[in-house]
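*Asks:* The sequence and its predicted three-dimensional model are supplied below.
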Amino acid sequence: MRDLEQATGVNRETIRVYLRHGLLPEPKRSKPNVADYEQAHVDGIRLIRRLHKEEGLTIPQIRRALSGELTDATIGIGAFPHLEQLVAARLDRFDALVPIESILARNPDADEDAVGLQKIGAVKVEHQEGQTMLSRTDAEIVAIWGEMRAAGFTEANGFNIDLLKFYVTGANDLGRAEVSNFLEAIDGKVGAEDAADMALEAINRMMAFFGHLRTKAVLKAFADAAVLPKDPPRDT
């Protein structure tokens, strides 16, 4: 426990709270009075502290998110990349699935939309014991599309799931470029642990950075479109 405190900067009382609430796996015990902690515990503690301090999540919110509940609207979007990439992977919860019923309140057509989004490569649908299941991130994608439809982005208004293909293509291209640039930049300069911390920071910060750039680009595109004629010229 002393080593864990030194590695994370979190005191043992707080770590015990994380363990008590099920946010961390129980350590292996080679002897009754010996607890063996692994790198997964170090990474998990750092992440939980970051979610609590920077994202503003409470312990119950973090616990609910880890258990797969996506109905808590107070969980910020920035939390999901952290949970998906670090907590799930480092604590043996990678690809943890949630039932599609958990997002029906946000998207009543979740079953149909999940199938459509899978066809364009946006999500992956799983089936377990007769239930349709999605990863937490994929469930959030389906839920967001349901909210977009409720806002008027419907087939009747000219919007369908196929129009989202360019998001999938763009995200894949951007992700590959980001990782390639990141690895090339840090090669021979940064150790593995520091690189992991930097990557986590980039996942959190650069999404907002890109979001601001996208907002500027969309507003400019609307402004440029406004100067164009609405109707084609007529023959005289």
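*Replies:* Received it, and whenever you're ready, just let me know what you need. Numbering: from 1, shown residues only.

*Asks:* remind me which residues of this structure are low pLDDT?
*Replies:* Filtered on pLDDT under 70, the chain yields the residue ranges 54-56, 65-96, 192-193, 227-236.

*Asks:* again, 80 this time
*Replies:* 32, 50-58, 61-97, 188, 190-197, 199-201, 203-205, 226-236 (pLDDT under 80).

*Asks:* domains of it?
*Replies:* 1-94, 95-171 (automatic domain parsing).

*Asks:* Check the burial of residue 214 by counting its neighbours.
*Replies:* Residues within reach of residue 214, counting by other CB atoms under 10 Å, total 10. No exception for glycine: its C-beta is placed from N, CA and C like everyone else's.

*Asks:* Could you verify that it is part of a helix?
*Replies:* Yes. Read with DSSP: H, G, I helix; E, B strand; the rest coil, residue 214 is one of the residues of a helix.

*Asks:* Which strand residues bridge the residue nearest to residue 126 when sequence neighbours are not counted?
*Replies:* The spatially closest residue to residue 126, leaving aside those adjacent along the chain, is residue 133, at 4.3 Å (CB to CB, 6 or more residues apart in numbering). Beta-bridge partners recorded for residue 133 (DSSP bridges): residue 99, residue 126.

*Asks:* Do a quick rundown of the strands in this protein.
*Replies:* 28-31, 34-36, 97-99, 126-128, 131-135 (DSSP state E).

*Asks:* of all the ones you listed, which lies closest to residue 107?
*Replies:* strand 131-135 (11.3 Å; CB to CB).

*Asks:* Extract the CA atoms of that closest one and return them as PDB.
*Replies:* What follows is strand 131-135, C-alpha atoms only, in PDB (Å, rounded to 0.1, in the frame of the first residue of the first chain):
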ATOM      1  CA  GLN A 131     -29.900  -9.800 -25.700                       C
ATOM      2  CA  THR A 132     -28.500  -7.200 -28.000                       C
ATOM      3  CA  MET A 133     -25.400  -5.700 -26.500                       C
ATOM      4  CA  LEU A 134     -23.000  -2.800 -27.300                       C
ATOM      5  CA  SER A 135     -19.800  -1.600 -25.800                       C
END
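
*Asks:* which helices and strands sit right next to that strand?
*Replies:* When contacts are defined as 3 or more CB pairs under 8 Å, 6 or more residues apart in numbering; DSSP states H and E, strand 131-135 sits against strand 97-99, helix 110-119, strand 126-128.

*Asks:* Please identify which of the ones you listed is closest to residue 144.
*Replies:* Residue 144 sits nearest to helix 110-119 of all those, at 10.1 Å, using CB to CB.

*Asks:* which residues are in contact with the closest one?
*Replies:* 100, 103-104, 107, 123-125, 132, 134, 138, 141-143, 145-146, 149, 160-161, 164 (CB atoms under 8 Å, 6 or more residues apart in numbering).

*Asks:* and that helix with strand 131-135, angle?
*Replies:* 50 degrees (axes from the mean of the first three to the mean of the last three CA atoms, to 10 degrees).
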